[in-house]
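1. Build me a model from this:
(one chain, ligands or ions: 3)
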Amino acid sequence: MHALTFEAVETIRYSTVPDPVLLSPSDVIVKVNLAGICGSDLHIYHGRETGLDKGTVMGHEFVGEVVDTGSEVKKFRTGDRVLSPFTTSCGECFYCHIGLTCRCEKGSLYGWVEQGAGLHGAQAEYVRVPMADSTLVPLSHDLTQEEGLLMGDVFSTGFFCADNVNIQPDGLYVVIGCGPVGLMAVTGARFLGAEKLYAIDTVPYRLKKAEQLGAVPLNAGSFNVRDYIMEITGGRGADGVMEAVGSENSLRLAFDLLRPGGVLSSVGVHTSEKFSFSPVEGYNKNITYKSGRCPARFYAEKLIREAAVQRCNISSIITHRFSLGQGSRAYEVFDRKLEDCIKPVLEVKSKKCEVRSKK
Ligand code: NAD
Ligand code: ZN
Ligand code: ZN
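-> Ligands and ions are numbered 1, 2, ... in the order given. Down below sits the predicted model:
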C-alpha cells in the first residue's frame, strides 16, 4: 500500500510499504478515508521529538471503514465506519477505568515505531488497530468524517485543555496558540461557558479564526500581551490559561499571565527537559498545573454523549485537502503556514488490496 513515512528530519515520503495484517485476534484493519496532519507530527518532522525509526508510517488522526476483523473482535464488523482516538486502549486496566485512556498500560500511540517496536500510523491506505473493541468508536451517521477525525484528537484535546481550567462564567481565560488545538480549546472553553476569553498567537489569519470561534484575538507580535492582560484584570492576571503550543516561551507566557491561585492547563507537547518557571515562582503564585496527553477515547465518548459536535462548528478549521500522494507538500504547507493553512487533511483513496490475516 501507499503511506507517508518518516525518512529524516523534514523528509516525509510517499512510499510503498507492506499492507498491515492482523497480528492478534483483537486487531482490526481499517481502510483509511481521511487522515489528519497534526502539530504533534511537526515535532517529529523538525526533529524536536526523536527516536522514531526511519520508515515509520506517520499519523495518528483518521477515520475509515473496517475491512478485516480478528476472531475475538465483537463490536465491529467489516464495513463499519469508525473513528479512532490517537492512542489505543484496553478498556480494562486501572487507567482505562479512571478515564485516563491515554495512559493505558497496554496502549500505543499510532505513528510511533522505535527500535522496531510500536504501532505504524494512519497517513496510509490501511492501518492496523490493536484492541479494536476498546479503542475504536463507531462513527454514527449524524457525524461527518471530518468531525470524527477531529474528535479523535484535536477537538478532544482542545476540550480537555479547557475542561482542565475549571471554567467559571465570570472568570477571565486565555488560550495561547491558535493552531488547530488552541482553536479547539477556544471552542471548548466557549462550550463550557467562558464569556471573557482571549486568544494569543502571532499569525493574523489564525487569530481571525479564533475571533470567529468566540475569543478576543491578541497578536503577541504587535504588542505586549502580558501588560494588556494585567491591565484588564486590574493587575491580577487571568483565572486560567490554556497553553496549546508546546514551547518554553509559551509555557513562560502562560505562567506570567496567570493570577495567583489560577490554573495553567498545558496540552502543548513539550520537548524541553525543564520548566520555564521555577518551583519558587510556582509556589509563590499558588498555581495549579495540569498537563499531558489527552485521554481522547474518554473525551470522544463524552463529546458524543453531550452532542458537543452538533453545537460547535468544528469542521471550519479544516482549510486544506490533499491526496496522500501530495503528503510531503501538505506537511510543508501546514508547517510553514502557507495559503492560510490551519488544518490539512489527507483524502485517501485506497487501491483494492488483499488484506491477509495472520491470527
Ligand atoms: P500548530 O503548530 O498548528 O499550532 C501552534 C500555534 O502556536 C501556531 O499557530 C503558532 O503560530 C502559535 N505559537 C507558537 N509560539 C507561540 C507563542 N510563543 N505564543 C503564542 N502562540 C504561539 O499545532 P497544533 O496542531 O495546534 O498543536 C498545538 C500543540 O498541541 C502541539 O505542541 C501539539 O503537539 C500539541 N498536541 C497535544 C496533544 C495532547 O494530547 N496533549 C494532542 C494534540 C496536539
Ligand atoms: Zn494529533
Ligand atoms: Zn487500559
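2. what does the stretch 251-359 of the chain put close to ligand 1?
-> Contact residues (CB under 6 Å from any ligand atom) of the stretch 251-359 of the chain with ligand 1: Leu253, Val267, Gly268, Val269, Arg293, Cys294. C-beta coordinates here come from the backbone N, C-alpha and C atoms, glycine included.
3. which one of those residues sits closest to Val245?
-> Proximity of these to Val245 (CB to CB) peaks at Gly268, which lies at 4.5 Å.
4. OK, contacts around the closest one?
-> Neighbouring residues of Gly268 by CB atoms under 8 Å, 6 or more residues apart in numbering: Gly177, Val181, Glu243, Ala244, Val245, Gly246, Ser247, Ser250, Leu251.
5. If we ignore the residues flanking it in sequence, what's nearest Trp182?
-> Wrong residue type there; residue 182 is Gly, not Trp. Take Gly182 and drop its neighbours on the chain: the residue closest to it by CB to CB, 6 or more residues apart in numbering is Ala244, 3.6 Å away.
6. Return the helix or strand in this structure with minimum mean pLDDT.
-> Sorting the helices and strands of the chain by mean pLDDT, DSSP states H and E puts helix 308-311 at the bottom, at a mean of 86.
7. Listing partners with orientation, what would you give for the helix or strand following that helix?
-> As assigned by DSSP states H and E, the chain's next helix or strand after helix 308-311 is strand 318-323. Partners of strand 318-323 in the sheet, by DSSP bridges, are strand 343-347 (parallel).
8. Looks like the residue nearest to Gly182 contacts Val186 (just checking).
-> No: look at Ala244 against Val186 with CB atoms under 8 Å: they stay out of range, at 9.2 Å.
9. can you tell me which of the residues of the stretch 251-359 of the chain next to ligand 1 lies nearest to ligand 3?
-> Nearest to ligand 3 out of these is Arg293 (CB to the ion; 13.7 Å).
10. if we can go back for a sec, from the contact counts, what lies against the least confident helix or strand of the chain?
-> In terms of contacts (3 or more CB pairs under 8 Å, 6 or more residues apart in numbering; DSSP states H and E), helix 308-311 is packed against helix 154-163.
11. And ligand 1, is the helix it packs on touching that?
-> Yes: shown here: helix 154-163 in contact with ligand 1 (CB under 6 Å from any ligand atom) through Val154, Thr157.
12. what helices or strands is that helix leaning on?
-> By 3+ CB pairs under 8 Å, 6+ apart, helix 154-163 packs against helix 180-191, strand 238-243, strand 258-266, helix 296-305, helix 308-311.
13. Beyond that helix, next helix or strand please.
-> Per DSSP H and E, helix 154-163 leads on to strand 172-176 as the next helix or strand towards the C-terminus.
14. what mean pLDDT does that following strand have?
-> What strand 172-176 shows for mean pLDDT is 98.
15. Pull up the pairing partners for that strand, direction included.
-> Short version: by DSSP bridges, strand 172-176 pairs with strand 196-201 (parallel), strand 238-243 (parallel).
16. For Gly99, find the nearest of these.
-> Closest approach to Gly99 among the strands paired with strand 172-176 (CB to CB): strand 238-243, 19.7 Å.
17. With just CA atoms, put the closest one into CSV.
-> Provided in CSV are the C-alpha atoms of strand 238-243 (Å, rounded to 0.1, in the frame of the first residue of the first chain):
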residue,chain,number,x,y,z
ALA,A,238,-6.1,35.5,34.2
ASP,A,239,-8.1,32.9,36.2
GLY,A,240,-7.0,30.2,33.8
VAL,A,241,-4.5,29.9,30.9
MET,A,242,-4.7,27.2,28.3
GLU,A,243,-1.3,26.6,26.6
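18. what stretches of the stretch 251-359 of the chain score poorly on pLDDT?
-> For the stretch 251-359 of the chain, the stretches with pLDDT under 70 are 351-359.
19. if we go to 80?
-> 350-359 (pLDDT under 80).
20. Next up, the contacts around the residue sitting furthest away from the middle of the chain.
-> Taking CA atoms, centre = their mean, the residue of the chain most remote from its mean C-alpha position is Gly234, at 34.5 Å. Contact analysis of Gly234 by CB under 8 Å, 6+ apart lists nothing.
21. what does the model give it for pLDDT?
-> Gly234 is assigned a pLDDT of 98 by the prediction.
22. let's have the chain start at 23 instead
-> Okay, residue one is now 23; in that scheme the one you just asked about reads as Gly256.
23. Go ahead and report the secondary structure state at it.
-> coil (DSSP: H, G, I helix; E, B strand; the rest coil).
24. sorry, back to before: can you tell me which two in the contacts of Gly290 are farthest apart?
-> Spatially, the most separated pair among the contacts of Gly290 is Val203 and Leu273, at 14.6 Å (CB to CB).
25. Neighbour count: the two, which is higher?
-> A direct count of neighbours by other CB atoms under 10 Å for Val203 and Leu273 places Val203 higher, at 32 against 24.
26. separation between the closest residue to ligand 2 within the chain and ligand 1?
-> At 2.8 Å from ligand 2, Cys60 is the closest residue in the chain, using CB to the ion. Distance, Cys60 to ligand 1, by CB to the nearest ligand atom, to the nearest Å: 5 Å.
27. Pull out the buried positions in the least confident helix or strand of the chain.
-> The neighbour-count check on helix 330-333 (16 or more other CB atoms under 10 Å) flags Ala330, Val331 as buried.
28. before we move on, what about stretch 79-96?
-> Across stretch 79-96, burial judged by 16+ other CB under 10 Å covers 79-92, 95.
29. Isn't Leu161 up against Leu105?
-> Yes: Leu161 lies in contact with Leu105 (CB under 8 Å); the separation is 4.8 Å.
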